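Undergrad: okay, predicted coordinates and the sequence, questions at the end:
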Amino acid sequence: MSIFNRISAIENKISSLEGRLDGGAGPTAKRLNKKVASGGANFENLINSLAEEEKFKPGASSVGAPSSAQRMNSESVRPYVTEAAQKYNVDPALIEAVIKQESAYNAGARSHVGAQGLMQLMPETAKELGVENSFDPRQNVMGGAKYLSQLMKMFDGNLTKVIAGYNAGPGAVSHYGGVPPYAETQDYVAKVLKNYEDFKS
């Protein structure tokens, strides 16, 4: 059974139980999160574990994560950064600042929540950006730069909001009117801004 079929089966089961328990009243997500939180887990972790089990890969690519021998550095990633910066009108220093913080130039990086490659693209985001294989360095950088370009337009070039949006999502930034009050995001923004200044100098 594919991951999508598993997710669909889980959602159908939740809907069935919800209808039996309370006639479908109230949002599913809130009740489910409350129930699983008491057990020290959440729905996202369940889905991620299924994704890991299926070794999910973005797009139609059958290529897995590169070996550690394919770890890159500032010099080797620069051609992709330059190309992406020119195509999407994004400061190359910003692209590389994000790469350094997200993966430390590891083209095969995979986070515990499923983000992949140099700029740590989530599979669904990568797909929306036209990235078929997030572990391909050029595709990943082009996709990440395109996303940064979208965020730049959304937040009128406000660099702090752009960086926060890359980490926490643009919705969270819009909701809070700036950097969300998440320790991880606040730390991320500070580090990427520091990287950015280093690459600009």
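TA: Arrived safely, thanks for sending. Numbering: from 1, shown residues only.

Undergrad: the bottom helix or strand of the protein by mean pLDDT?
TA: For the chain, the helix or strand with the lowest mean confidence is helix 28-37, at a mean of 36 (criterion: mean pLDDT, DSSP states H and E).

Undergrad: give the contact list for Y88.
TA: Counting by CB atoms under 8 Å, 6 or more residues apart in numbering, Y88 touches 142, 145-146, 148-149. Placement of C-beta: from N, CA and C, glycine included.

Undergrad: what about the nearest residue to it once chain neighbours are set aside, helix or strand, and which?
TA: In space, and not counting its chain neighbours, Y88 is closest to S149: 3.9 Å by CB to CB, 6 or more residues apart in numbering. Assigned by DSSP states H and E, S149 belongs to helix 137-154.

Undergrad: what's the first helix or strand after that helix?
TA: Toward the C-terminus, helix 137-154 is succeeded by helix 159-168 as the next helix or strand (DSSP H and E).

Undergrad: ok, and what's touching that following helix?
TA: 94, 98, 147-148, 151-152, 154-155, 172-173, 178-180, 182, 184-185, 188-189, 192-193, 196.

Undergrad: among those, which ones are in helices?
TA: Judged by DSSP state H, helices contain the following of those: 94, 98, 147-148, 151-152, 154, 172-173, 184-185, 188-189, 192-193, 196.

Undergrad: related to what we said a few turns ago, by neighbour count, which bits of the helix holding S149 are buried? Give me those.
TA: For helix 137-154, burial by neighbour count (16 or more other CB atoms under 10 Å) applies to 137-152.

Undergrad: can I get the buried part of the contacts of helix 159-168 as one ChimeraX selection?
TA: In ChimeraX syntax, the buried subset of the contacts of helix 159-168 is picked out as below (16+ other CB under 10 Å):
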select :94,98,147,148,151,152,155,172,173,179,180,185,188,189,192,193,196
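
Undergrad: name the nearest residue to M122, sequence neighbours excluded.
TA: A115 (5.4 Å).

Undergrad: what pLDDT does the model give the one you found?
TA: Looking at A115, its pLDDT reads 97.

Undergrad: how near is it to S201?
TA: 28 Å (CB to CB, to the nearest Å).

Undergrad: kind regards, and thank you for your time.
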